[in-house]
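**Student:** kindly return the folded structure for what I paste below:
(2 chains)
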Amino acid sequence: MSGTKGLERQQIADRLAQEFQDGWIVNLGVGMPTMCSNTPIGDREIIYHSENGVIGYGPVLPAGQEDVHLVNAGGQNVSLNPGAAVVHHADSFAIIRSGRIDVTVLGIYEVACNGDFANWKVAGAKGGGIGGAMDLAACAKQVFVILEHATRDGKPRLLTKCALPVTARGVVTTVATNLGLFTPQGDAFLLREIAPGVTVDEVRAATGAPVMVSPTLKTIETL
Amino acid sequence: MARRSKIFGSFAEAVADIPDGSTIAFAGFAYPGVPFNLIQALLDQGAKGLTCITNGTGGAAPDRMPDIGMLVERGQVKKVIAAFTAPTRASDKIPLTKFVDEGLVEAELVPQGTLAERLRAAGAGIPAFYTPTAVGTELAEGRETRVFGGREYLLEHAMPVDVAFLRAWKADTAGNLLFRRSQRNFNPIMAMAAKLVIVEVEEDFVEAGAIDPDAVHTPGIFVQRMVKIPPAPEGLWPGRRPERAAPAKEKQS
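**Tutor:** Purely as a prediction, here's the structure:
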């Protein structure tokens, strides 16, 4: 993370996890999204679902306390919350396709202000890694994406149009990056909250699409 | 009344007659439910021209557990059907990539839920179905779609399997299986999609009747062969995967 401005990875996940509403069923993808299950959720009841059929998992367990039969989507050994259940893969995706997931949080390569996003195929590759992302993106009630605002060599990842092959079209409702929290608005990203120590000009300079600033712009409160 | 025993004495014996050209489904998601011992036996057995159905093909570390990538490296694989046919990070390398790039192995990339449902359909006597997944993406280009209730869906076909390799927690002598926690994943649906089901079992076999019929995850009618996993080091008992020690590196599940 050296050289990047704004929030650390866990802080981005923490901010996004504040968006989860009481009673939601939330699916967390591989990478930064799974960090959301480490965020304290207070009085809210959040049910975390994982593609491999786990319904109601909790934080990642410390070394030495792992259950080798139990992992989340990222292969991390997680815990189960009271009331948890396990189903097989076809039933797990039946839950997804039937629209029962309130939000899926996905780690991605690119997002466009029209709500398209890309996270399965890098430039020049013959194959790809889709996992459950296409099912989730097509069927969850909302799609939140979480990513570093720029690539390692400084190119923007929030764009007017995705350059990489898309995972789904027009589905993203919230974007969380190290620089801020955004809503895709069709022809621009609406900046709703900004990371501490970051300016609007810096956000605009790092974004490959127009950025509108919310009249109620706030600074992100870190936990 | 004599019941023909489904219990085999070794993994080698259980996979001995798998012919070249078979379509084999490998259960598992990350480590739980992966039939490592059966994969090792298939590496030793040497069947070629295989079509491998799997969530992912495994990692790249030289000291890793047996995986589909090793079957690829041994030249045993004609085609891979998976939800991951390349690493999700460009900087990561998996053995499959080189073989696909050189045209030696065909790779069919399938969204995970579609993979699961194609297997489920095969095991349920359903030849095809429509799904909203992948509509509007590169995967749907040139393929049949149909609109139901104003929404576009993509036609997908059932995925029948010759042989399924499973890993279960407990089994009785009738072949009734129990899986523990997320070990279940693809195991039950791959069992139902296959003509021949071979299971590696973690706990000692119990007598038929010792598992409550209401608790059975996969009924014994789907299971033909079972082998008890011997204690380590003879048997393969994964704990944590080595590459997971570095938290930023997790991928490929």
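**Student:** could you point out which element follows the helix or strand encompassing B:Ala122?
**Tutor:** For B:Ala122, the host element (DSSP states H and E) is helix B:112-124. Moving toward the C-terminus from helix B:112-124, the next helix or strand (DSSP H and E) is strand B:128-131.
**Student:** now the helix holding B:Ala122: buried residues?
**Tutor:** By 16 or more other Cβ atoms under 10 Å in any protein chain shown, the buried positions in helix B:112-124 come out as B:112-123. Where C-beta positions appear, they are placed from N, C-alpha and C, glycine not excepted.
**Student:** in stretch B:198-215, what's buried?
**Tutor:** By 16+ other Cβ under 10 Å, the buried positions in stretch B:198-215 come out as B:198-202, B:205, B:211.
**Student:** next one: stretch B:214-227
**Tutor:** Within stretch B:214-227, the residues that qualify as buried are B:216-218, B:220, B:222-227, counting by 16+ other Cβ under 10 Å.
**Student:** can you check stretch B:122-140 too?
**Tutor:** By neighbour count on 16+ other Cβ under 10 Å, the buried set for stretch B:122-140 is B:122-123, B:129-137, B:139-140.
**Student:** before we move on, what about stretch B:59-67?
**Tutor:** By 16+ other Cβ under 10 Å, the buried positions in stretch B:59-67 come out as B:59-60, B:64-67.
**Student:** then stretch A:198-208?
**Tutor:** With burial defined by 16+ other Cβ under 10 Å, the residues of stretch A:198-208 counted as buried are A:198, A:202-203, A:206-208.
**Student:** one more: stretch B:9-17?
**Tutor:** For stretch B:9-17, a neighbour-count test (16+ other Cβ under 10 Å) marks B:11, B:14-15 as buried.
**Student:** sorry, back to before: chain A: which of the buried residues of stretch B:59-67 is nearest?
**Tutor:** Comparing these against chain A with Cβ to the nearest Cβ places B:Gly59 closest, at 10.3 Å.
**Student:** which stretch of helix or strand covers the closest one?
**Tutor:** Following DSSP H and E, one finds B:Gly59 outside all helices and strands.
**Student:** hmm, A:Glu45 is touching A:Gln21, no?
**Tutor:** No: using Cβ atoms under 8 Å, A:Glu45 is not in contact with A:Gln21; the gap is 9.9 Å.
**Student:** for the residue of the stretch 101-250 of chain B found nearest chain A, what are its contacts?
**Tutor:** Going by Cβ to the nearest Cβ, chain A is nearest to B:Gly113 of the stretch 101-250 of chain B, at 3.3 Å. By Cβ atoms under 8 Å, 6 or more residues apart in numbering or on different chains, the residues touching B:Gly113 are A:51, A:93, A:96-97, A:132, A:134-135, B:131, B:133.
**Student:** now the helix or strand of chain A with the lowest mean pLDDT: buried residues?
**Tutor:** Among the helices and strands of chain A, strand A:54-60 carries the lowest confidence by mean pLDDT, DSSP states H and E, at a mean of 93. By neighbour count on 16+ other Cβ under 10 Å, the buried set for strand A:54-60 is A:54-58, A:60.
**Student:** restricting to C-alpha, output it in CSV.
**Tutor:** Output in CSV follows, covering the C-alpha atoms of strand A:54-60 (Å, rounded to 0.1, in the frame of the first residue of the first chain):
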residue,chain,number,x,y,z
VAL,A,54,-22.0,-21.1,4.2
ILE,A,55,-24.8,-18.9,5.5
GLY,A,56,-24.0,-16.9,8.7
TYR,A,57,-20.3,-16.9,9.1
GLY,A,58,-18.3,-14.6,11.3
PRO,A,59,-14.8,-13.2,11.6
VAL,A,60,-11.7,-15.0,10.4
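**Student:** counting by contacts, list what the next helix or strand after it packs against.
**Tutor:** Next along the chain after strand A:54-60, taking DSSP H and E as the criterion, comes strand A:78-86. Here strand A:78-86 touches strand A:54-60, going by 3 or more Cβ pairs under 8 Å, 6 or more residues apart in numbering or on different chains; DSSP states H and E.
**Student:** with pLDDT as added columns, please give the buried residues of helix B:112-124 in TSV.
**Tutor:** Shown next, in TSV, are the buried residues of helix B:112-124 (pLDDT from 0 to 100):
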residue	pLDDT
B:Gln112	98
B:Gly113	98
B:Thr114	98
B:Leu115	98
B:Ala116	98
B:Glu117	98
B:Arg118	98
B:Leu119	98
B:Arg120	98
B:Ala121	98
B:Ala122	98
B:Gly123	98
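**Student:** from these, pick the one nearest A:Val30.
**Tutor:** B:Gln112 (11.5 Å; Cβ to Cβ).
**Student:** is it true that the closest one touches B:Asn55?
**Tutor:** Yes: B:Gln112 is in contact with B:Asn55 according to Cβ under 8 Å; the separation is 6.5 Å.
**Student:** low-confidence ranges, chain A, go.
**Tutor:** By pLDDT under 70, the low-scoring segments of chain A are A:1-4.
**Student:** for it, just list every one of the strands.
**Tutor:** For chain A, the strands defined by DSSP state E occupy A:25-28, A:47-50, A:54-60, A:78-86, A:103-107, A:110-112, A:117-118, A:142-146, A:158-159, A:172-176, A:180-184, A:189-194, A:211-219.
**Student:** please name whichever of the ones you listed is nearest to B:Phe179.
**Tutor:** That would be strand A:78-86 among those, by Cβ to Cβ, at 8.3 Å.
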